[in-house]
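*Asks:* Sequence and predicted structure are below.
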Amino acid sequence: MTKLSVNINKVATIRNARGANNPDILKVASDCELFGAQGITVHPRPDERHIRYQDVRDIRPMIKTELNIEGNPIAKYIDLVLEVRPAQVTLVPDSHDQITSNHGWDTKNNITFLTDVIGRFKEAGIRTSIFVDADAEMVGYAKKCGTDRVELYTEPYAANYRNGRAEAIAPFTDAAMAARELGLGLNAGHDLSLENLHYFHQNIPWIDEVSIGHAIICDALYMGLRNTIGKYLEALK
Ligand SMILES: CC(=O)[C@@H](O)[C@H](O)COP(=O)(O)O
Ligand SMILES: NCC(=O)COP(=O)(O)O
């Protein structure tokens, strides 16, 4: 069964816009779980533009499903993850000033660094995932780093979906099969939506988890959070 992990970054964006605590991200996270989400994802960036480091500490004890913390493994991030010990950590190669994630790791040229970081998190009993492009070679080197899972960066799939979904999905099925052959767990995320999620899952039904945030929060503006999460869960059946 493919799990839906709701990324609540954009809820924090709205909260930060007024400097108070509305919306309350702890309540939103709890409600996402109540509405059927099987995980909560947060991506505390160094500038804390949305999710703050303290949010991660606050949310950890109230998560009943799984907490997935994404981020670039700078020292401050590593310390936070080891402090709160989430179910999963997802390493993302974003630079500090990126507007959002736009590529996976070069696992070949970062194998030494990633192997060390993965080892530290695994020693702490945290499931690890490395954010990669849909590239079998990058998946292969992620395996060499000792990670439990890879997360496929799906923006290229979403961007090309309307131009031809069969062509858009092809590199992702190839990379997903490479991961399966290597015994790696498989996650996916970035720009997945109600338009493209069902087809993605139909072609890669063995995927363990999709993490979705931006589109869910945008859809919830029109359909409400409960209905929106229900529709995303339907798309994964
Ligand atoms: C790794 C990934 O694809 C998501 O975590 C994405 O980076 C969301 O980040 P923003 O919500 O800051 O766009
Ligand atoms: N790992 C992807 C994620 O957490 C959410 O990405 P998006 O749905 O906000 O693009």
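*Replies:* Good, I have the coordinates. Remember, it's a predicted structure, so these values are computed and weren't measured experimentally. Ligands and ions are numbered 1, 2, ... in the order given.
*Asks:* The chain against ligand 2: which residues are in contact?
*Replies:* Along the chain, the residues adjacent to ligand 2 under the rule CB under 6 Å from any ligand atom are 7, 41, 70, 151, 189-192, 211-215. Bear in mind the C-beta positions are built from the backbone N, C-alpha and C, glycine included.
*Asks:* most surrounded residue in those residues?
*Replies:* Highest neighbour count within the residues of the chain next to ligand 2, by other CB atoms under 10 Å: residue 151, with 30 neighbours.
*Asks:* Phi and psi next, for the nearest residue to that one once chain neighbours are set aside.
*Replies:* Computed as CB to CB, 6 or more residues apart in numbering, the closest residue to residue 151 that is not its neighbour in sequence is residue 187, at 3.9 Å. Its backbone dihedrals place residue 187 at phi -120, psi 170, with angles given as degrees, to the nearest 10.
*Asks:* ranges for the strands of the chain?
*Replies:* For the chain, strands defined by DSSP state E occupy the ranges 3-7, 39-42, 67-71, 88-91, 127-132, 149-153, 185-189, 209-212.
*Asks:* Take the residues of the chain next to ligand 2 and lay them out in TSV including distance to residue 19 and pLDDT.
*Replies:* As requested, the residues of the chain next to ligand 2 are exported to TSV (distance: CB to CB, whole Å; pLDDT from 0 to 100):
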residue	distance to residue 19	pLDDT
7	22	99
41	24	99
70	25	98
151	32	99
189	29	98
190	28	98
191	29	98
192	31	98
211	27	99
212	27	99
213	22	98
214	22	98
215	26	98
